[in-house]
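Engineer: Output the structure for:
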Amino acid sequence: MFVHHATRTTTARHRLVALSLGLGLAAISLSACGSSLTPTALTAPTTVAPTTVAPSTTSPTPPPTITMPDTTVPAPTVPAPTVPAPTVPAPTVPAPTTPAKPVGSLDLGDGVHVVVAPGWSGESNDGLVILTDGKIAVSLMVVKRAPGEAAKAVVDEYVGLLLDPQGVVDYSPATLRWTTEAPRAAVQYELFYALVNSKGTNIQGGLSTYVRDDGLTLLYDVWAPSGVTGALPDESFQSMIDSFLDAPDVNTPVTLTPVAEFQVTTIHQ
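Structural biologist: Numbering: from 1, shown residues only. Below you'll find the model as predicted:
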């Protein structure tokens, strides 16, 4: 911002006029003090001739030229923008979906179910499902075993827990009856038995053991009084096997090694 100031100038001429006026007033004042006093004659001022200075013919010496060195201003260093590494989200593995259980079916666990056919009734108790039409009975159970475990181990447990305690039992060898690779690897072993319970009733039955490559195992036991035959209706059986094969993995699958047959271990000779 620029500020303009007024210039105050007092010339020498203005000062001389003031001085002469002052002297004149002094002389008048002195004269008025008395006639007996003789005024002192004033001496005229000596005139001094003005001094003339010849103009200089010499050109003034120009000021030396000052050469400023070039100033190199370094270019500002602009840091490269930091680009954050892209964040790759961890792949989302969808949870295995369990097929919906049909209306009118009983849950066997781990995605396996069985449809109760018309004319049949069923109940589930602590993982054991029992179906009956009044003539024959079917016992169903699903268990998770170690992948690749020998089928004999699970069959021996079933026999020892559910059949041997009922009475004296004779068992046939368990034989390989069925294998599949689609929709996943699985095998079936089957044995037959004859049981005489504490009441002297003769019972005949057949036990099928279905084993998947991930260890999921289905035990399917059909039994009835001697001379009575029958089986689970096709619609019930097929829904059960389909859900067994389609159920989600319970362990990492392994290659199955089927055997032709084996003999169960029992408390009976």
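
Engineer: would you say residue 268 is within a strand?
Structural biologist: No: counting by DSSP: H, G, I helix; E, B strand; the rest coil, residue 268 falls outside a strand, being coil.

Engineer: isn't it right next to residue 165, touching?
Structural biologist: No: contact criterion Cβ atoms under 8 Å: residue 268 and residue 165 do not qualify, at 11.1 Å. Every C-beta, even on glycine, is put in place using the N, C-alpha and C of the backbone.

Engineer: Give me the spatial nearest neighbour of residue 153, chain neighbours excluded.
Structural biologist: With sequence-adjacent residues excluded and distances taken as Cβ to Cβ, 6 or more residues apart in numbering, residue 153 is closest to residue 145, at 7.5 Å.

Engineer: What's the local residue count around the one you found?
Structural biologist: 19 (other Cβ atoms under 10 Å).

Engineer: residue contacts, it?
Structural biologist: Shown in contact with residue 145 (Cβ atoms under 8 Å, 6 or more residues apart in numbering): 153, 154, 211, 215, 216, 217.

Engineer: Try it again at 7 Å.
Structural biologist: Listed by Cβ atoms under 7 Å, 6 or more residues apart in numbering, the contact partners of residue 145 are 154, 215, 217.

Engineer: so how far is residue 228 from it?
Structural biologist: 32 Å (Cβ to Cβ, to the nearest Å).

Engineer: that's a helix at residue 232, yeah?
Structural biologist: No: assigned with three-state DSSP, residue 232 falls outside any helix and is coil.

Engineer: What's the separation between it and residue 116?
Structural biologist: The value you get for residue 232 to residue 116, if Cβ to Cβ is used, is 10 Å.

Engineer: do the same with residue 197
Structural biologist: Per Cβ to Cβ, residue 197 is found 26 Å from residue 116.

Engineer: Strands along this structure, start to end?
Structural biologist: 105-109, 112-115, 121-125, 128-132, 137-144, 167-171, 174-180, 186-197, 202-212, 216-225, 261-262 (DSSP state E).

Engineer: Turn those into TSV, including mean neighbour count and mean pLDDT.
Structural biologist: Listed next are these as TSV, based on neighbours: other Cβ atoms under 10 Å; pLDDT from 0 to 100:
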stretch	mean neighbour count	mean pLDDT
strand 105-109	18	94
strand 112-115	26	96
strand 121-125	12	94
strand 128-132	18	96
strand 137-144	20	97
strand 167-171	16	96
strand 174-180	15	97
strand 186-197	18	97
strand 202-212	20	97
strand 216-225	20	97
strand 261-262	16	98
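
Engineer: what are the bridge partners for the residue nearest to residue 141 when sequence neighbours are not counted, then?
Structural biologist: The shortest distance from residue 141 to any non-neighbouring residue, by Cβ to Cβ, 6+ apart, is to residue 219 (4.5 Å). Under DSSP bridges, the beta-bridge partners of residue 219 are residue 141, residue 209.

Engineer: Enumerate every residue touching residue 219.
Structural biologist: 141, 158, 207, 209.

Engineer: What is the nearest of those residues to residue 250?
Structural biologist: residue 141 (14.7 Å; Cβ to Cβ).

Engineer: The closest one touches residue 124, doesn't it?
Structural biologist: No: here residue 141 lies out of contact with residue 124, judged by Cβ atoms under 7 Å, at a distance of 10.3 Å.

Engineer: Report the residue spans of this structure with pLDDT below the cut-off.
Structural biologist: 1-81, 83-86, 88-102 (pLDDT under 70).

Engineer: With adjacent residues omitted, what lies nearest to residue 179?
Structural biologist: Per Cβ to Cβ, 6+ apart, closest to residue 179 is residue 187, 4.9 Å.

Engineer: May I have stretch 132-142 exported as PDB, CA atoms only?
Structural biologist: C-alpha atoms of stretch 132-142 as PDB (Å, rounded to 0.1, in the frame of the first residue of the first chain):
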ATOM      1  CA  THR A 132     -42.600-100.000  11.800                       C
ATOM      2  CA  ASP A 133     -45.600-101.100   9.800                       C
ATOM      3  CA  GLY A 134     -46.900-103.400  12.500                       C
ATOM      4  CA  LYS A 135     -45.200-106.500  11.000                       C
ATOM      5  CA  ILE A 136     -41.500-105.600  10.600                       C
ATOM      6  CA  ALA A 137     -39.300-103.000  12.300                       C
ATOM      7  CA  VAL A 138     -36.400-100.900  11.000                       C
ATOM      8  CA  SER A 139     -33.700 -99.500  13.200                       C
ATOM      9  CA  LEU A 140     -31.700 -96.600  11.700                       C
ATOM     10  CA  MET A 141     -28.600 -94.800  13.000                       C
ATOM     11  CA  VAL A 142     -26.100 -92.300  11.600                       C
END
